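In: Give me a model of this one.
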Amino acid sequence: MADSKIKLSPDAFKPAHVSADEKEKIATPALTFTQDAIRRLKQNKAAIISFWILVFIFAVSIITLFVSPHNPNTQNLNYTYLPPKWGNLNIPFFNGKQGGVDMYAQNNVPKGVYFLLGTDYLGRDLLSRIFVGTRISLEIAVIATFFDLVIGVGYGIISGWKGGTTDTIMQRVIEIISSVPNLVVVILMLLVFKPGMTSIIVAIAITSWITMARLIRAQTLQLKDQEFILAARTLGESSWKIAIKHLVPNLSSTIIIQTMFTIPTAIFFEAFLSYIGIGLPAPTASLGTLLNDGQKALQTQPYLLVYPAIVIVVLMLAFNLLADGLRDAFDPKSSH
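Out: Purely as a prediction, here's the structure:
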């Protein structure tokens, strides 16, 4: 077998000629931390779908403030327990029939009067009441977010920044508050306020920010010894300006992620209270009260329980999936 050798010319070892402009050129555009997080979030299909579902639910809740199929509190005993009916469409489970009997004809419901998701034991439109219950759940979500951002973030930054005796006292206060079960706090609020949104809001204001405060404190303890914070203090920046300019931006990922996990917890908390009868009073609709009413007629009118349950499940899943997506986007290490 012939021994073949490939000879390389000296020119092959010369470095390639690259112009000065090409050397300085960046192949890909530089991304800020937020832009990179949004890029990663867009790659999470479940989070993006959840985001648009929540946008749709928020939009429908706002629109139905002004336009609603029926008055959610109007009672008509002639229309009790009417099954769902979608116009003249003969779709199973949505044709107004129950056990093969046209309940609309049997109850002498005028033509052109339909209830897309049926009616309850007082003849109230279930769809309109679900709109109201969803709106209340979203209001609770906004309120929980407000207290998380105002009390939780502020409390955590002050506790971590001050340190020493101040931090010790503030943490003992948190431990005392967190040692009292949320249900006990709500019952105590019922003794002070009447059952309703006020007692729920106060209970959320007392307990919902605890986890946020602890997380922010832990992050602040790590950040306050960093070089850029020490440099700002050396230059004479006030603690307030350091918190706004340096701490909050660096805590933004923790704040966003924890807020998104707080929201479904608050929604479930309100629904649970209304379900056991210590939440919103009648006739105000809540997803929890709708579930309670639907349970009573589960064997004969299962739709009264199924549709509110679907709404609360979708809300909880959407917020949790979006929270998972935000956590992976802002903290890539957490996904490994």
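
In: Could you check how many residues crowd around L191?
Out: With neighbours defined by other CB atoms under 10 Å, the count for L191 comes to 7. Just so you know, the C-beta spots here come from the backbone N, C-alpha and C atoms, and that holds for glycine as well.

In: so which strand or helix has it?
Out: With the criterion set as DSSP states H and E, the secondary-structure element containing L191 is helix 182-192.

In: Go through the helix or strand just after that helix and flag the buried ones.
Out: Moving toward the C-terminus from helix 182-192, the next helix or strand (DSSP H and E) is helix 197-207. Within helix 197-207, the residues that count as buried by 16 or more other CB atoms under 10 Å are M197, S199, I200, I201, V202, A203, I204, A205, I206, T207.

In: sorry, back to before: any idea how far the helix holding L191 is from the middle of the chain?
Out: Taking the mean C-alpha point of helix 182-192 and that of its whole chain, the gap between them comes to 24 Å (CA atoms, centre = their mean, to the nearest Å).

In: same check, this time on stretch 136-152
Out: For stretch 136-152 - counting by CA atoms, centre = their mean - the centre lies 10 Å from the chain centre.

In: in the stretch 201-336 of the chain, which segments are predicted with low confidence?
Out: In the predicted model of the stretch 201-336 of the chain, residues 332-336 satisfy pLDDT under 70.

In: neighbouring contacts of stretch 320-329?
Out: The set of residues external to stretch 320-329 that reach it, using CB atoms under 8 Å, 6 or more residues apart in numbering, is 37-38, 40-41, 44, 46-51, 54, 256-257, 260-261, 263-264, 334-335.

In: what are the ranges of the helices in the stretch 51-200 of the chain?
Out: In chain order, the stretch 51-200 of the chain shows helices spanning 103-106, 126-147, 153-162, 164-178, 182-192, 197-207, with DSSP state H, counting those that start in this stretch as the criterion.

In: Quick one: distance of the shortest one to the chain centre.
Out: By that I understand helix 103-106. For helix 103-106, the separation from the chain centroid amounts to 41 Å (computed by CA atoms, centre = their mean).

In: same thing with the last one?
Out: On the basis of CA atoms, centre = their mean, helix 197-207 sits 17 Å off its chain's mean C-alpha point.

In: and if you look at stretch 160-171?
Out: When distances are taken as CA atoms, centre = their mean, stretch 160-171 is centred 30 Å away from the chain's centroid.

In: Give the buried residues for it.
Out: Counting neighbours by 16+ other CB under 10 Å, the buried set in stretch 160-171 is G160, W161, K162, D167, M170.

In: Report pLDDT for the residue nearest to the last one when sequence neighbours are not counted.
Out: Closest residue in space to M170, ignoring its immediate chain neighbours: S159 at 4.2 Å, by CB to CB, 6 or more residues apart in numbering. Residue-level confidence at S159 comes out at 89, pLDDT.

In: State the number of residues packed around the nearest residue to T80 once chain neighbours are set aside.
Out: Leaving aside its chain neighbours, T80 sits nearest to G123 (4.8 Å; criterion: CB to CB, 6+ apart). Other residues lying near G123 total 18 when counted by other CB under 10 Å.
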